[in-house]
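Chemist: model this:
(2 chains)
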Amino acid sequence: KNEVEQSPQNLTAQEGEFITINCSYSVGISALHWLQQHPGGGIVSLFMLSSGKKKHGRLIATINIQEKHSSLHITASHPRDSAVYICAVEMGWRPRINEKLTFGTGTRLTIIP
Amino acid sequence: SAVISQKPSRDICQRGTSLTIQCQVDSQVTMMFWYRQQPGQSLTLIATANQGSEATYESGFVIDKFPISRPNLTFSTLTVSNMSPEDSSIYLCSVIQDSMNTEAFFGQGTRLTVV
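Modeler: Here you go, the predicted model:
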C-alpha cells in the first residue's frame, strides 16, 4: 500500500464545475504539498499545508491532520486547469526539517469547454 | 520564492552514453533533491544532495549509475551513466528553501529518451 493515496486517478468535467481531488496518507507528516504538472513535465507548487485551509484564487486546499486527509478544490473550473495534480508529503514531525517529498500517483484532470 | 534553471530540457541519447543534467538555483539552499518520473508514474526520489558532502541515495539508486555533484549552495548536477532505454524518464531537481514555511520548487524537468 502506498503511503500517499490520491483519488480519483482520472477526472473529466465540464467547464464551470466544482472539482475535488482527495489525498490520504498513512504516516505522520510535517507538511503536505499540492503540485500541478503540465504536459511538458514542469511542476508548479500550488500549496504547502501543515494545518487548516489555504486559498489562492479559485483554488482551495484543506487538511485534516487527525484524519490524515487533504483535499484540493477548484471552483469555476476552466480548460486551462487541465493538468495532473499531485499530492506530496514531508514525512516526520514538526518542526519541519526540509524533508524529502513522498508523492501520490497524481490525478489527471481534464476540463472540457 | 526560488527560481530553478534546469538544463537540458530534453535530450535523445544513445544507449551506453552518459548525460549530465544541471540545476542552478537563484538562492542558497542547504538540500537539493533529484527525482525521476518514469512514463505514466509518479515521482521517485533518486538522492538528496548536500553541499560539501556525498549525496544520500535512496534504495534502488547507486552512485555509480547516478553520480551527483554539489559544489556550492546554488548548483548541482546529476549524471545518468551508461544509459539504457529503461532510463528514459523525466528527471527533476527540487529545493525547499531553508525556512519553516516554504513551498517546494522544481526545475522545469529534463525529458530523457534513450535509444
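Chemist: List the contacts of the residue nearest the centre of chain B.
Modeler: Closest residue to the average C-alpha location of chain B: residue B:34 at 3.3 Å, with Cα atoms, centre = their mean. By Cβ atoms under 8 Å, 6 or more residues apart in numbering or on different chains, residue B:34 lies in contact with B:45-49, B:66, B:68, B:76, B:78, B:91-94. In short, each C-beta sits where N, CA and C put it, glycine included.
Chemist: Repeat that for residue B:14.
Modeler: Counted by Cβ under 8 Å, 6+ apart, residue B:14 has contacts B:83, B:114-115.
Chemist: if we can go back for a sec, next SSE after the helix or strand where the residue nearest to the centre of chain B lies?
Modeler: Per DSSP states H and E: residue B:34 is located in strand B:31-37. Going down the chain from strand B:31-37, the next helix or strand is strand B:43-50, by DSSP H and E.
Chemist: Close to chain B: what parts of chain A are there?
Modeler: A:33, A:35, A:40-45, A:47-48, A:50, A:86, A:88, A:90, A:95-96, A:98-106 (Cβ under 8 Å from any Cβ of the partner chain).
Chemist: Skipping adjacent residues, who's closest to residue 6 in space?
Modeler: Picked chain A for this. residue A:104 (3.9 Å; Cβ to Cβ, 6 or more residues apart in numbering or on different chains).
Chemist: hm, I was asking about chain B
Modeler: Residue B:6 sits nearest to residue B:107 (Cβ to Cβ, 6+ apart), 2.9 Å away.
Chemist: Please apply the same query to residue B:75.
Modeler: Closest to residue B:75 by Cβ to Cβ, 6+ apart is residue B:24, at 5.4 Å.
Chemist: With residue A:41 instead?
Modeler: Using Cβ to Cβ, 6+ apart, the nearest residue to residue A:41 is residue B:109, at 3.8 Å.
Chemist: so the one you found sits right up against residue A:44, yeah?
Modeler: No - contact criterion Cβ atoms under 8 Å: residue B:109 and residue A:44 do not qualify, at 11.4 Å.
Chemist: Looking at those two, which is more packed in?
Modeler: residue B:109 (22 against 13; other Cβ atoms under 10 Å in any protein chain shown).
Chemist: contacting residues around that one?
Modeler: So residue B:109 contacts A:40-43, B:6, B:9, B:37, B:90-92 (Cβ under 8 Å, 6+ apart).
Chemist: Could I get the pLDDT score of residue A:97?
Modeler: Turning to residue A:97, the model gives it a pLDDT of 60.
Chemist: Check residue B:101 too.
Modeler: At residue B:101, pLDDT is 63.
Chemist: can you give me the strands in the chain?
Modeler: The chain I'm using is chain A. Secondary structure of chain A (DSSP state E): strands at A:4-7, A:10-14, A:19-25, A:29-37, A:43-49, A:52-56, A:59-64, A:69-74, A:83-91, A:101-103, A:107-112.
Chemist: ah, no, chain B please
Modeler: B:4-7, B:10-13, B:19-25, B:31-37, B:43-50, B:56-57, B:68-72, B:75-80, B:89-96, B:104-106, B:110-114.
Chemist: deepest of those strands, which one?
Modeler: strand B:89-96 (a mean of 25; mean count of other Cβ atoms under 10 Å in any protein chain shown).
Chemist: Can you get me a residue count around the residue lying closest to residue A:73 once chain neighbours are set aside?
Modeler: Using Cβ to Cβ, 6+ apart and skipping the chain neighbours, the partner closest in space to residue A:73 is residue A:60 (4.4 Å). For residue A:60, the neighbour count with other Cβ under 10 Å is 16.
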